[in-house]
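Asks: please work out how this folds:
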Amino acid sequence: MLGIRVAKDHGSVQMDAWYFYCVPLFIQWDYFGPRKRKLKRGFLRQIDSKESTCVHNPGLTRVSFPGSSIETLSDLFKLKPCSFVKENGCYSLINESTTSTVSRVVIPTGYQEEPDWSSMTNEEISNLERQNIALSNLLSREFNVLPYPLETMTNQMEKLYCGNVGTCYSQYESEFGLVHIVHTSLQDPKMFHVWRRFCFALESQTTNRFLWILRVVSDEWLIREVRKPIRKTPLHIIVAKSNYSVASTFRDTIALQDLPTDSIIDGDKQLLKHFHDRAQTQPLLETFLSPTDALDKSFLLQLQNMTAEHLERSKLKRDTWYYQCIPKYIEWTFHSSDADSEFGSLQVSANGEERCINNPGTSRVSLPGAKIPEGVSSDTSLCPAAASIKKGCVLPIRNQGSLGARVIIPSNLSTVTTSPKRSDQQQRNQRLVMKLKNDFAIPPMFLKQMRNKLNSMNT
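Replies: Numbers count the residues shown, from 1 in each chain. This next block holds a predicted model:
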């Protein structure tokens, strides 16, 4: 198209003429999405710039004829629009199409002007998110830029720029004004298949504004297998070789002693420091998740929201700390009385509020001045009231549904007996299998695979 235009111009301008063509409409790739969220493949939006700034858009093209003498320009903003008869050093718009034909990557810096997402309505942001999907398809179709290179570019951008600039770290911070850490310790290589198909469903959480610290035993096979899914996840994960489970609060210096630089085998070391620094001045929320545990997709977002609301409403002292836990959770057993089900056996377990501290997803809340002893006291009791928190007490999360799930593995298969399945057991199984699929992002296929793996290890 541009070549045709230049050919037409050849007969209407002087032989010493030179000028520019610029594109007012282009696709822009940003590291950040709306409201400073990091997306798996970055964020695409269509930029329709003003005519006066199109000379700074991608695809600026200069046309010069054989007798032209081109000036050196230090400031493109000094260029003027071309009149009907083109003059030297002016610019003309390429505006026949409403489709973007050029694109640009924006490198994150501490000084760039960022979109004011806060002034946009949810509907406007939803429209931009739909545009992002459409532009991704356009890049694949017209630019030969496929989704996977965008994903790779996002990860590389984080490693190359965010650690130095520091501006990228704001995306990890909870919108509710607290620091959220998830702790998991994977010490048995045999539990990898459970962690991968059950616990790793954490990547489907409705928020990724938390840091997942995964401590793994120094086993070469286990480390290699753990790193495979980590590379593609949208979560922010620190994988470290460590033979310890977390004991002290993440805020304490001693809590990072088993996470020295040389022990971190995957993840951003500067990100770990960023979270630790922020925890010194903000409320700290720590969720303890066993490799055999899983959480409802909305749980962490709900937990952050509920915690922030409770802290704001209660006006607790600066040295306060307490636990939150869920009374109900789903138990999955790979071998049980109705084990002829290809997906294993499922039931809802309710330990009661008094013992819920041992359930999946138990979390500790601590304010910056809190002094927390190592471990969990055996006499941990219920908090007298939500507005009257005693240090170290347990505050149950009262929800009608099951927000957690856990794999139960019998220590001795010879003790397992079988009996005919009842219709109510079958219906319960079917209902809970679908709940794990819909609410936990754990498909039935994963249950089947996990059951087969565990069975093979115990035969």
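Asks: use CA for all of it now, contacts and neighbours both
Replies: Fine.
Asks: what is the neighbour count of Gly59?
Replies: 17 (other CA atoms under 10 Å).
Asks: what of Val407?
Replies: Neighbour tally, Val407, other CA under 10 Å: 21.
Asks: what do you get for Glu124?
Replies: Glu124 - counted by other CA under 10 Å - has 12 other residues nearby.
Asks: after the helix or strand containing it comes which helix or strand?
Replies: Element membership for Glu124, per DSSP states H and E: helix 122-138. Sequence-wise, the next helix or strand downstream of helix 122-138 (DSSP H and E) is helix 147-157.
Asks: report the mean per-residue pLDDT for that next one.
Replies: Averaged over helix 147-157, pLDDT sits at 80.
Asks: from the contact counts, what lies against it?
Replies: Here helix 147-157 touches strand 38-48, going by 3 or more CA pairs under 8 Å, 6 or more residues apart in numbering; DSSP states H and E.
Asks: quick one: buried residues of the strand it packs on?
Replies: Across strand 38-48, burial judged by 16 or more other CA atoms under 10 Å covers Lys38, Leu39, Lys40, Arg41, Gly42, Phe43, Leu44, Arg45, Gln46.
Asks: likewise stretch 428-436?
Replies: Applying 16+ other CA under 10 Å to stretch 428-436 flags Asn429, Gln430, Leu432, Val433, Lys435, Leu436 as buried.
Asks: just name the closest of those residues to Asn208, please.
Replies: Comparing these against Asn208 with CA to CA picks out Leu436 as the nearest, at 19.8 Å.
Asks: what's the helix or strand for that closest one?
Replies: Applying DSSP H and E, one finds Leu436 within helix 423-440.
Asks: for that helix, give the mean pLDDT please.
Replies: 88.
Asks: which strands or helices does it pack on?
Replies: strand 345-350, helix 444-457.
Asks: which of these is buried the deepest?
Replies: strand 345-350 (a mean of 20; mean count of other CA atoms under 10 Å).
Asks: that one to helix 423-440, inter-axis angle?
Replies: 80 degrees (axes from the mean of the first three to the mean of the last three CA atoms, to 10 degrees).
Asks: ok now the helix holding Leu436, how far from the chain's centre?
Replies: Centre-to-centre, helix 423-440 and its host chain are 28 Å apart (CA atoms, centre = their mean, to the nearest Å).
Asks: got it, and stretch 205-221?
Replies: 12 Å.
Asks: ranges for the helices of the stretch 151-300 of the chain?
Replies: In the stretch 151-300 of the chain, the segments counted as helices under DSSP state H, counting those that start in this stretch are 163-165, 192-197, 220-230, 269-278, 299-314.
Asks: could you dump those helices into a markdown table and include mean neighbour count and mean pLDDT?
Replies: Shown next, in a markdown table, are the helices of the stretch 151-300 of the chain (neighbours: other CA atoms under 10 Å; pLDDT from 0 to 100):
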| stretch | mean neighbour count | mean pLDDT |
| --- | --- | --- |
| helix 163-165 | 15 | 47 |
| helix 192-197 | 20 | 93 |
| helix 220-230 | 14 | 92 |
| helix 269-278 | 17 | 87 |
| helix 299-314 | 16 | 92 |
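Asks: in JSON lines: the ones you listed, plus distance to Asn137.
Replies: Listed next are the helices of the stretch 151-300 of the chain as JSON lines, based on distance: least, CA to CA, whole Å:
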{"stretch": "helix 163-165", "distance to Asn137": "30"}
{"stretch": "helix 192-197", "distance to Asn137": "30"}
{"stretch": "helix 220-230", "distance to Asn137": "25"}
{"stretch": "helix 269-278", "distance to Asn137": "32"}
{"stretch": "helix 299-314", "distance to Asn137": "30"}
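Asks: of those helices, which is nearest Leu382?
Replies: Nearest of those (CA to CA): helix 299-314, 16.0 Å.
Asks: which residue packs closest to Ser92, ignoring adjacent ones?
Replies: Spatial nearest neighbour of Ser92, chain neighbours left out: Tyr21 (4.9 Å); criterion: CA to CA, 6 or more residues apart in numbering.
Asks: and if you look at Arg62?
Replies: Phe20 (4.3 Å).
Asks: kindly format the C-alpha coordinates of stretch 121-135 as PDB.
Replies: Output in PDB follows, covering the C-alpha atoms of stretch 121-135 (Å, rounded to 0.1, in the frame of the first residue of the first chain):
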ATOM      1  CA  THR A 121     -15.400   1.400  35.300                       C
ATOM      2  CA  ASN A 122     -15.600  -2.400  35.400                       C
ATOM      3  CA  GLU A 123     -17.400  -2.400  32.100                       C
ATOM      4  CA  GLU A 124     -14.700  -0.300  30.400                       C
ATOM      5  CA  ILE A 125     -12.000  -2.700  31.700                       C
ATOM      6  CA  SER A 126     -14.000  -5.700  30.600                       C
ATOM      7  CA  ASN A 127     -14.100  -4.100  27.100                       C
ATOM      8  CA  LEU A 128     -10.400  -3.700  27.100                       C
ATOM      9  CA  GLU A 129     -10.000  -7.400  28.200                       C
ATOM     10  CA  ARG A 130     -12.100  -8.500  25.300                       C
ATOM     11  CA  GLN A 131     -10.000  -6.300  23.000                       C
ATOM     12  CA  ASN A 132      -6.900  -8.000  24.400                       C
ATOM     13  CA  ILE A 133      -8.200 -11.400  23.300                       C
ATOM     14  CA  ALA A 134      -9.100 -10.000  19.800                       C
ATOM     15  CA  LEU A 135      -5.700  -8.400  19.400                       C
END
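Asks: could you measure from Tyr323 over to Ile94?
Replies: According to CA to CA, to the nearest Å, Tyr323 and Ile94 sit 62 Å apart.
Asks: cool, Lys78 as well?
Replies: 19 Å.
Asks: ok, the two, which is more surrounded?
Replies: Ile94 (16 against 12).
Asks: Tyr21 is in contact with that one, correct?
Replies: Yes: using CA atoms under 8 Å, Ile94 is in contact with Tyr21, at 6.4 Å.
Asks: just to revisit the earlier point, what does the helix holding Leu436 contact?
Replies: For helix 423-440, the surrounding residues in contact (CA atoms under 8 Å, 6 or more residues apart in numbering) are 201, 204, 294-298, 330, 338, 343, 345-347, 442-444.
Asks: closest to Ile27 out of those?
Replies: Among the contacts of helix 423-440, and counting by CA to CA, the member closest to Ile27 is Ser204, at 28.3 Å.
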